[in-house]
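# Below: sequence and its predicted model.
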2 protein chains.
Amino acid sequence: MPKNIVIGGGIAGFHVLEDVLKRAPEQAKNFMLITKEKLGWPSTCGIPFGLAGEYDLKQLEIRPPSYYREKGFDVKTETEVTSINIEDSTVSIGEERIGYDKLIIATGRKPFLPPIKGIALEGVYTLSTLTDAFKVEKAMKDAKEAVIIGAGVVGLETAAAFSSKGIKTTVVRSRAGSLPSVLPLNIDPDMAAIVQKRLEDRGVQVMASAAVSSINGKEKVESVTAGGREIPADLVVVATGIRPEVELARKAGIEIGETGGIKTDSALHVKKGKTYLSNVYALGDCVEVISGVTYRPVLSALGSTASLQSRVIVDNLLGGKSIVPFYLSPFVTSIAGLQVGSVGATFHTATNIIGIEPIIGKSTKLTRARYYPGAKQVTVKLLFDCERLIGAQVISEETVAERINLLTIAIMKELTAKELWLMERCFNPAVSLMTDAIVDAAMDALNKM
Amino acid sequence: MPKNIVIGGGIAGFHVLEDVLKRAPEQAKNFMLITKEKLGWPSTCGIPFGLAGEYDLKQLEIRPPSYYREKGFDVKTETEVTSINIEDSTVSIGEERIGYDKLIIATGRKPFLPPIKGIALEGVYTLSTLTDAFKVEKAMKDAKEAVIIGAGVVGLETAAAFSSKGIKTTVVRSRAGSLPSVLPLNIDPDMAAIVQKRLEDRGVQVMASAAVSSINGKEKVESVTAGGREIPADLVVVATGIRPEVELARKAGIEIGETGGIKTDSALHVKKGKTYLSNVYALGDCVEVISGVTYRPVLSALGSTASLQSRVIVDNLLGGKSIVPFYLSPFVTSIAGLQVGSVGATFHTATNIIGIEPIIGKSTKLTRARYYPGAKQVTVKLLFDCERLIGAQVISEETVAERINLLTIAIMKELTAKELWLMERCFNPAVSLMTDAIVDAAMDALNKM
């Protein structure tokens, strides 16, 4: 009998199996994973690039269930857990009850569907699973005009994909009231303007300040009304965010936090009543985490967050002592060849949730020596409290991910503007600049302190 | 009359002018720069790529002297300072004496020429200045077979350049006794093997364990004898390191450290007798610095070091208080398309100078999701003391510079293996991997702790 049960076959659930394989493959026989899906480990983050034709969508099933079964795991696909029974440490699959020593909840998320008239019409899709992706891929074949509802990461990546395939594409916002710029949760409006311009240069129409009012058509979608305009559309993707999938946990009496995600301690144990349960963990999109900039609960629905949490849980299962007390949620995307990354507080977060107007440092330079072929522009924006880094945003065609990773450590270790300005950086004209944009952005902030 | 005199027209000297322009351009009129060279700000680091034909070597004069003169600086080219006179705060140019309020010594380095028979033959070059580079470029036109003496950075970059131009190229070491691998000062032999293989794949013969015994020929070079073999050669480049150019300073009574570089305090003031002089600074290849891993004086002959020191000096000149107490000298190069970087202690430094055998973590993975087109291999090697990072080496065709910059902060901030293992990193399949090679290398080290 398996002793450890993982509920959920998304990135988070399968990552637990991956970490078991990496750390203690002989333990595989003690793990069961139960998933509603038919597929194995999915890379949902890769969907938009697959739609753009960068690779076959089928490749996004990173490993099939059979791979894990061969390693000794008990993987139950197309199987739904109907309840978690904390009182006797079992999970129910219909009538059947299976006991666990340790339970790992990785139930993921569901797409958030705003109450828009016409959202149930044929030709309107979400992009949350690989199954969704295959449907959209098929719909793209006949599509001439598409509307993307939502100017967040998935919306913009998908818009770029559609446009690259010759579909006339318009992005509209789902809600009035929020910031009238793209990627409003990730970057400030001045940085968003760079992304919007890139999309427009690639033929995408971005109506960042227009919120959708209705989706129109008889059976099949024909148009979308937004900002008072009717935009013809034979394909609509609703990418308006996600909500944690917590129904199983909620029904089991596990505490759900103010954000709608499962509440956990720093080792990812869930809470029931007044205590955190030592034998029940949760991770991934279904949990809330503590933000390392506001120290308040937030959702960090990132594959990278799930992967880190998997490391923590498996380490604890194997007898280690690992915690992650708070999260900065570094983020990177690639939109029409433009890499966009951020970490920590945006200007909006700083002023509205932290409570200060941050000191800004900004610089646009090249990624390599200007005489070196292929040097790209890079724009770096740094946000400081009175002296320490609290947020960062970077846009370029290269080097963005590693810059964001560096700035993540910088925020974690409370680096000051002066430290960033006087930090040693390696130089070679083929790969870097002698005085980097990060250094000049730090100087820019120092000049205002 | 200028109040601040900079001696030297290399990267260090001109970088001081650059920082003045950036911070306080109205102060330009108070700066005089005196250089023996005819050219302006040179990017000597760019020479090998220029020889490879990536761009015209002429582009490596980043800005001509006239640029700085137009900004108000007094730039004296083809002018040699014959003495520094601390006692009356003047420098001599022959008979002329010019007074200074602040003096900045940036006399740079000279190539180290080992006592090899035949080193003065025609067809034997060094690659220390742009003038050297133009000579070598000319010699390459008729060259069929070249030997590079020295398996350090300049040697290997140049070998790759020669080979890419169809010249049959052999690299030999200058000295017996040291580590029999390429880039011995920067990376460990296991990492060096990756670089050597790349060079060999590109047609370069690397005799990493053969030291040169003579350069042969009548007037013009005909061959090089190394490891008992005679290698035909009509072009030889001696790239056997550099020595600080400190004669002016030494004659002025300024203290020279045990490494042969000018001794300075953390703000780059030079020392004379028992005191550091508040009005005389030195920077760049002519100074020694304190290593941040051994806490002993070392030479850090990097353009990036000079650039950081320039920032420190100009800030102090402008009334700021900046110091850099020690240096990790992060380094990156690009050899035949392979980016090679390192920072902090190598295995050799750890065992021989720090005094411990470091705990090693190593991992080879991809730079992006494996299904994403263009993903490259990356090898990361991390060196830890009992728990903290003390050194790092990275090789890949991309992302190396920013990884080294991140690991530089990690060493500076004394990150542990566990912290690196549990560090948040951004993920997007187009630009990164969900569990990066740095994370797995940290895990590998943790397994040995």
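Here it is on my side, so go on. Numbers count the residues shown, from 1 in each chain, chains lettered A, B, ... in the order given.

# And A:M191, which helix or strand is it part of?
helix A:189-201 (DSSP states H and E).

# Contact residues of the stretch 201-350 of chain A facing chain B?
Residues of the stretch 201-350 of chain A lying close to chain B by CB under 8 Å from any CB of the partner chain are A:302-305, A:307-308, A:311-312, A:322, A:324, A:327-334, A:339, A:341, A:343. For glycine as for every other residue, the C-beta is placed from the backbone atoms N, C-alpha and C.

# Checking my notes, A:R250 in a strand, right?
No - A:R250: not assigned to a strand; according to DSSP: H, G, I helix; E, B strand; the rest coil it is helix.

# related to what we said a few turns ago, any chance you could list what contacts the very next helix or strand once past the helix holding A:M191?
Following helix A:189-201 in sequence order, the next helix or strand is strand A:205-217 (DSSP H and E). Strand A:205-217 has contacts (CB atoms under 8 Å, 6 or more residues apart in numbering or on different chains) with A:116-119, A:121-124, A:149, A:151, A:159, A:168-177, A:180-182, A:192, A:196, A:199-200, A:221-230, A:236.

# give me that answer again for 6 Å
With CB atoms under 6 Å, 6 or more residues apart in numbering or on different chains as the test, strand A:205-217 has contacts from A:116-119, A:121, A:149, A:151, A:170-176, A:180-182, A:196, A:199, A:221-227.

# which residues are contacting whichever helix or strand comes after that strand?
Heading C-terminal from strand A:205-217, the first helix or strand you meet, by DSSP H and E, is strand A:221-226. Contacting residues not belonging to strand A:221-226 are listed as A:121, A:123-124, A:147, A:172, A:210, A:212-216, A:230-233, A:236 [CB under 6 Å, 6+ apart].

# Which neighbouring elements make contact with the host helix or strand of A:A410?
According to DSSP H and E, A:A410 maps onto helix A:400-412. Secondary-structure packing of helix A:400-412 (3 or more CB pairs under 6 Å, 6 or more residues apart in numbering or on different chains; DSSP states H and E): strand A:331-335, strand A:338-344, strand A:389-396, helix B:400-412.

# So what's the model's average confidence on the helix or strand that that helix is followed by?
With elements assigned by DSSP H and E, the helix or strand that comes after helix A:400-412 is helix A:417-421. For helix A:417-421, mean pLDDT is 97.

# do the same with stretch A:59-69
Average pLDDT, stretch A:59-69: 95.

# and it, which residues are buried?
Across stretch A:59-69, burial judged by 16 or more other CB atoms under 10 Å in any protein chain shown covers A:60-62, A:65, A:67-68.

# Those into CSV, with extra columns for secondary structure?
Formatted as CSV, those follow (three-state DSSP):
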residue, secondary structure
A:L60, helix
A:E61, strand
A:I62, strand
A:P65, helix
A:Y67, helix
A:Y68, helix
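
# from those residues, which is closest to chain B?
A:L60 (6.9 Å; CB to the nearest CB).

# List the contacts of that closest one.
With contact taken as CB under 6 Å, 6+ apart, A:L60 is in contact with A:43, A:46, A:50, A:130.

# and of those, the nearest to chain B?
A:G46 (4.3 Å).

# what sits against the residue of chain A found nearest chain B?
Of all residues in chain A, A:E402 sits closest to chain B, at 3.2 Å by CB to the nearest CB. Residues counted as contacts of A:E402 (CB under 6 Å, 6+ apart) are B:399, B:402-403.

# Thanks a lot, catch you later.
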